[in-house]
Each structure stands twice: as C-alpha cells, then as structure tokens.
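Predicted model follows, preceded by the sequence.
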Amino acid sequence: MSAAGVHLIDTSLRAGHQIGPLPSPTSPPYRAERLPAPSTLGRGAAPSWLGARVVARLGPASGGYATRAVCDVGRLRVIPDGASDAVAVTMIGTGRTTMAILDRARIGAADIVVVTAAAGGIGSLLVQAARHAGATVVAAVGGPVRVAHARTRGADIVVGYDEASWADTARAELDGRAVTVALDGVGGDKGRQTLKVLGPGGRLLLYGWSSGSATALTSMDLFGRGILRRPRSGLAPHKRRDRYAGSRSTPWRHWPRAR
C-alpha cells in the first residue's frame, strides 16, 4: 500500500465518537472485522487482478493504514494510467461523498451557489463541479491562503468567513442576486450565515460541521424563506453514496475531478 486517506471523520472516529451509521472504533463491528489467524490473503481472486494498481474503500473495517490490506474484490477499482495513488485514494473517499452531494444538489447553469469550507477537499471539488455546470460560485473560506486556493479552483467570488459579516460581503459582490444553492460543511455560526444569502425557495444542503456543531435551523428559517433543506448526513445518504465507491467496471470518468 502506498497511500491512505485521512479525513475529518477519521479524527472523530479516532476520538471514540460514533458518526452517523459508522460505529466508534471500540464498538463490536470493528472488533469483529479483525481477521482470525492464520489468514490466507488474496484467496479466490481472479488472475486478472494480480499486479493491478487498485484502490478500495474499506468502509468501517479496520486495517486501511496497514502496509497490506485485505478487502472484498467487489470493492476494488483499477487506477487508470496517469492518476497517482494519492489522487485515487482522495477520489474513492472524498470524491464519492462529493458525488452524493452533487446528486442531491442538482446544480445547473442558472444557479448561484455558495460553498463553505471551499478550500477543503470536498469544497474544492464542489467549486469545480458547480463551475463546470455553468453556475456562478461564491466560495467562503478562512484565511488569505485559502482565498487564493479557491480562486485557482474557479470560484467567481471568494469571501473570508473569518469576518462575522462575510454574508453581507457576498451579497454586495452578487449585486442583489440571491443564492439558489448553499452547500454547507462548516456548521455553527458560520453555517448560519448562509441563510443571509440564500434566496426564497433556495436549496440548503448540510454535509458536515467542521466547526464542531451543526448549523442550527428553526421551522421559521425554513418556512419563512421557503427553503428546501437537504441533509447529506445520515444512514440513507451514506448508503446512497456507496454506489460511487466503484468497481472494476465503473468508468473513471464519472468520478469528480481532483487537482
């Protein structure tokens, strides 16, 4: 093994917290995943897999950071020539999550999209995908280095949410145009600021809370603005995004683009 993904959710699991459908590392599913000794690695695999460069998502199973890992052949995906191991690991994890978010967001050329944490792994992919769809993209980031990063990913407008009034700055930059889609992975007070720029009937998708707390919403927030709230977290969306985990036959071109 030459590359392994380490995500925000991994740090929470390491801290012993249960995240949605994923149990904590101390719960029985993790202990049960440990292979009994002795084990025969690779038994039953077709000869065509031997020597192939592959990437796999292990799910809640342990062992992903090991030098050698074992997984069901159905989880394997061949890495195409020209893609590095690091990119492949990124796209099998962060990429499939991004695809699930985009599947629910249904962004089109007429949309104005705000992306929080736009310089992060998922945020960077969301910015690129929204621009590819022809939408106008507002990237909300923290710090000048991240501002530059979001611009290189194609964001039309970049604002720093270290400022309490970042939503007001975004509205001024939009010159009266209302945001139609908000993709929030920050949560907390910064996440709530997206409500200031989201127009009537807009779509709000919540896919995480890197700030430590989810974006707090009331019934009046939703009904008063006619907002459609779509949570990405939870068991059903988690299972839904599993189809992006890929197999040998799933075309690489359907993965989000990583740069």
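Done, it's in.

Show the model's pLDDT score for Leu222.
Looking at Leu222, its pLDDT is 77.

Against His7, how distant is it?
29 Å (Cβ to Cβ, to the nearest Å). From N, CA and C alone the C-beta is placed, and that goes for glycine too.

For the longest helix seen in the chain, the averaged confidence score.
Secondary structure of the chain per DSSP state H: the longest helix is helix 121-132. In this model, helix 121-132 carries a mean pLDDT of 95.

for stretch 135-155, same thing?
On average, stretch 135-155 scores 91.

coming back round to it: the helix or strand following the longest helix of the chain pairs with which strands, and in what direction?
Next in sequence after helix 121-132, counting helices and strands by DSSP states H and E, comes strand 136-141. Sheet pairing here is set by DSSP bridges, and for strand 136-141 it gives strand 112-116 (parallel), strand 157-160 (parallel).

just the angle between whichever helix or strand comes after strand 136-141 and strand 136-141, please?
Per DSSP H and E, the first helix or strand lying C-terminal to strand 136-141 is helix 144-152. Computed with axes from the mean of the first three to the mean of the last three Cα atoms, to 10 degrees, the direction of helix 144-152 lies at 160 degrees from that of strand 136-141.

Okay, buried residues for helix 144-152 please.
Within helix 144-152, the residues that count as buried by 16 or more other Cβ atoms under 10 Å are Arg146, Val147, His149, Ala150, Arg151.

Contact partners for the fourth one?
Under the criterion of Cβ atoms under 8 Å, 6 or more residues apart in numbering, the contact partners of Ala150 comprise Ala118, Ala119, Gly123, Ser124, Val127, Ala139, Val141, Val158.

mind checking how far the strand ranked longest in the chain is from the chain centre?
Scanning the chain for the longest strand, with DSSP state E as the assignment, gives strand 198-206. Chain-centre distance of strand 198-206: 19 Å, with Cα atoms, centre = their mean, to the nearest Å.

Which strands border that strand, and is each parallel or antiparallel?
Strand 198-206 has these partner strands in its sheet, going by DSSP bridges: strand 179-184 (parallel), strand 228-231 (parallel).

and that strand, C-alpha only, in PDB?
C-alpha atoms of strand 198-206 as PDB (Å, rounded to 0.1, in the frame of the first residue of the first chain):
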ATOM      1  CA  LEU A 198     -29.900  32.100   0.300                       C
ATOM      2  CA  GLY A 199     -32.900  33.400  -1.600                       C
ATOM      3  CA  PRO A 200     -36.500  32.300  -1.300                       C
ATOM      4  CA  GLY A 201     -37.000  28.700  -2.400                       C
ATOM      5  CA  GLY A 202     -33.300  28.100  -2.300                       C
ATOM      6  CA  ARG A 203     -31.800  24.700  -1.500                       C
ATOM      7  CA  LEU A 204     -29.600  24.200   1.600                       C
ATOM      8  CA  LEU A 205     -27.500  21.100   1.800                       C
ATOM      9  CA  LEU A 206     -25.800  20.200   5.000                       C
END
